[in-house]
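Predicted model and sequence below, questions to follow.
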Amino acid sequence: DTGVSQNPRHKITKRGQNVTFRCDPISEHNRLYWYRQTLGQGPEFLTYFQNEAQLEKSRLLSDRFSAERPKGSFSTLEIQRTEQGDSAMYLCASSPERTGGTDTQYFGPGTRLTVL
Amino acid sequence: AQSVSQHNHHVILSEAASLELGCNYSYGGTVNLFWYVQYPGQHLQLLLKYFSGDPLVKGIKGFEAEFIKSKFSFNLRKPSVQWSDTAEYFCAVIIIQGAQKLVFGQGTRLTINP
């Protein structure tokens, strides 16, 4: 169990540029989640995958945001035409599937995005 | 919409003091409850969780929390804090039968003075 990993850890970009983040979940965890955390706030849910299927998306996820998990393993989160309001910590978490219920989500270190 | 409230934004204590951090949620159905901790420079880690059974749950590092369903509360406690407990603490819920998303409180920053 090597934990959830995220890359890059930090990303500085100019407004209007596209950025892509990667998340590698704990192996054999088939649920993967993306959250966003701004300063002084708790994480806010963005989207959730079970295997390769994206099952839930928050209204926070505007059409500039897209997430994929093509083979049910790693996931990418892309933000197109970044805005200064996108500056935040983007967190990934994974959990095993627990039939009929929930299980603990394990978080990665996050990718800190700064949009200039 | 479901929400989680943490009463204290910043708590400052001396070592050996007792700790209680408040957490209330707004949802009338069945929930799973969590406390996560984020130490300086580290990622979110699970402190403890409640799924069912005994409403008093024990976690790592001497922390415990009590689920009081009638009060929609899940307060975190520790009888004697240490300097190493300095961190940010987040309460979170998942609604059973709902979307598989954690709803977090805004967090409580805990500072322990040696």
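Now that the structure is in, tell me what you want to look at. Numbers count the residues shown, from 1 in each chain, chains lettered A, B, ... in the order given.

Show me what the helix or strand residue B:13 falls within is packed against.
Using DSSP states H and E, residue B:13 sits in strand B:10-14. Counting contacts by 3 or more CB pairs under 8 Å, 6 or more residues apart in numbering or on different chains; DSSP states H and E, strand B:10-14 packs against strand B:19-21, strand B:108-113. Where C-beta positions appear, they are placed from N, C-alpha and C, glycine not excepted.

Which of those sits closest to chain A?
strand B:108-113 (8.9 Å; CB to the nearest CB).

returning to that earlier point: which of the helices and strands packed on strand B:10-14 is buried the deepest?
Ranked by mean neighbour count under mean count of other CB atoms under 10 Å in any protein chain shown, those are led by strand B:19-21, which reaches a mean of 19.

Which neighbours in the sheet does that one have, and how are they oriented?
The pairing partners recorded for strand B:19-21 under DSSP bridges are strand B:73-78 (antiparallel).

Give me the mean pLDDT for the strand it pairs with.
Mean per-residue pLDDT for strand B:73-78: 97.

by how many degrees do that strand and strand B:10-14 diverge?
With axes from the mean of the first three to the mean of the last three CA atoms, to 10 degrees defining the directions, strand B:73-78 sits at 30 degrees from strand B:10-14.

does the residue in chain A positioned nearest to chain B count as helix, strand or coil?
Chain B sits closest to residue A:42 of chain A, with a gap of 3.1 Å, by CB to the nearest CB. Secondary structure, DSSP: H, G, I helix; E, B strand; the rest coil: residue A:42 is coil.

just checking, it touches residue B:93?
No. Taking contacts as CB atoms under 8 Å, residue A:42 lies outside contact range of residue B:93: 11.2 Å.

What parts of chain B come near chain A?
B:4, B:32, B:34, B:36, B:42-46, B:49, B:51, B:90, B:92, B:94, B:96, B:99-107 (CB under 8 Å from any CB of the partner chain).

Just the buried ones among these, please.
Among those, those classed as buried by 16 or more other CB atoms under 10 Å in any protein chain shown are B:4, B:32, B:34, B:36, B:43-44, B:46, B:49, B:51, B:90, B:92, B:94, B:100-105, B:107.

Okay, and which of those residues map to helices?
For those, not one is inside helices, with DSSP state H as the criterion.

In strands only, show me those.
Those of these mapping onto strands are B:4, B:32, B:34, B:36, B:46, B:49, B:90, B:92, B:94, B:103, B:104, per DSSP state E.

and the nearest residue to the first one once chain neighbours are set aside, what does it touch?
Translated: residue B:4. Distances taken as CB to CB, 6 or more residues apart in numbering or on different chains place residue B:105 nearest to residue B:4, at 4.0 Å, with adjacent residues excluded. Each residue near residue B:105 by CB atoms under 8 Å, 6 or more residues apart in numbering or on different chains is listed here: A:42, B:4, B:5, B:6, B:23, B:90, B:91, B:92.

Okay, and the beta partners of the third one?
Per DSSP bridges, residues listed as beta-bridge partners of residue B:5: residue B:24.

Many thanks, have a good one.
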